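# kindly generate the corresponding structure for this input.
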Amino acid sequence: MTRNDRPLSARRAGGMTRRIHVATYNIHKGFSQFNRHLVIHELRERLRTLNPDILFLQEVQGVHTGHAALYEDWPEAPQHEFLAQDVWADSAYGSNALYDSGHHGNAVLSRFAILSYQNQDISAHRLERRGLLHCQVAPPGWKEPLHCVCVHLGLTASSRRRQMAALAERMERLAPDGAPLIIAGDFNDWRNEAAGLLIERLGLTEVFSAASGEPARSFPSVLPVLRLDRVYTRGFEVERAAVYYGPPWSKISDHAVISAHLAVCRG
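As a prediction, this is how the structure comes out:
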């Protein structure tokens, strides 16, 4: 089930990419809700039908030796590489949670070259590991890089306030003067406290709030109630946005997918 969307691929004018389709998704480490089934293969096919230019993914399993031994169809490659294969030319991964059997974190998959990336630990404490993955991406024809940040914030309001302040400080330092910027991910921000800080300090627009005044409901994916997942942008106009929930999406994660078609504001 979707809202306000139809397919649109990246288009170029005068050699420059003018429109970009992005999406964010918490993939629940490749398992269905309540961890009942391994769904990483179905997940890959669904993401390919969605066909965004840049994907922001959370809870991506980098390594898990226990699952690899238990499931015959567990991918040999890390999940971000498995998902990107033959479709997204470049990918970046930052591990947040490390444990004896492996690690998981955030990932960005991109049709455009990723010039550089860095993962910043923004964990509030050792029991809840969180990070932000900052990539500089090179859409064709652009004179400056597009800053893309994939985030997964904490479960408490105090943790999120500190983490959003760290995010704002980083981007004020590394992407100043209105540089094009997309921040997307699982904000765990059901009280909508993120908007004020990020909009005020970074000049961002949230893709659903621009039209409806508030972010989309995205959790749980069967019938979303909470507004957890977001896409914030700077330097773009929001042409359309969509939230994908219900079957078949609800069979492959407990979060819905947030998708946005963006038009570049600058020449």
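# Three-state assignment for the most centrally placed residue in the chain, please.
Against the mean C-alpha coordinate of the chain, by CA atoms, centre = their mean, the closest residue is residue 56 at 2.4 Å. Here residue 56 is strand, with the state taken from DSSP: H, G, I helix; E, B strand; the rest coil.
# for it, name its beta-bridge partners.
Beta-bridge partners for residue 56, by DSSP bridges, are residue 24, residue 108.
# buried residues, the host helix or strand of residue 197. List them.
Element membership of residue 197 [criterion: DSSP states H and E] is helix 194-202. Buried residues in helix 194-202, counted by 16 or more other CB atoms under 10 Å: 194, 195, 197, 198, 202. All C-beta spots, glycine's among them, are computed from the backbone N, C-alpha and C.
# stretch 108-116 now?
So, applying 16+ other CB under 10 Å, buried residues of stretch 108-116: 108, 109, 110, 111, 112, 114.
# quick one: residues contacting residue 47.
Contacts for residue 47 (CB atoms under 8 Å, 6 or more residues apart in numbering) come out as 23, 25, 55, 83.
# recalculate using a threshold of 10 Å.
Counting by CB atoms under 10 Å, 6 or more residues apart in numbering, residue 47 touches 23, 25, 27, 55, 57, 83, 84, 87, 88, 109, 252, 257.
# can you check the pLDDT for the residue nearest to the fourth one when sequence neighbours are not counted?
To tie it back to what came earlier, the one meant is residue 55. Excluding the flanking residues, the one nearest residue 55 by CB to CB, 6 or more residues apart in numbering is residue 109, at 4.1 Å. You'll see residue 109 listed with a pLDDT of 98.
# ok, now the one 3 residues further on?
pLDDT for residue 112: 97.
# do the same with residue 257
At residue 257, pLDDT is 98.
# looks like it contacts residue 249 (just checking).
Yes. Between residue 257 and residue 249 a contact is recorded at 6.1 Å, counting by CB atoms under 10 Å.
# out of those two, which sits in the busier spot?
The neighbour count for residue 257 versus residue 249, taken as other CB atoms under 10 Å, is higher for residue 257 (25 against 21).
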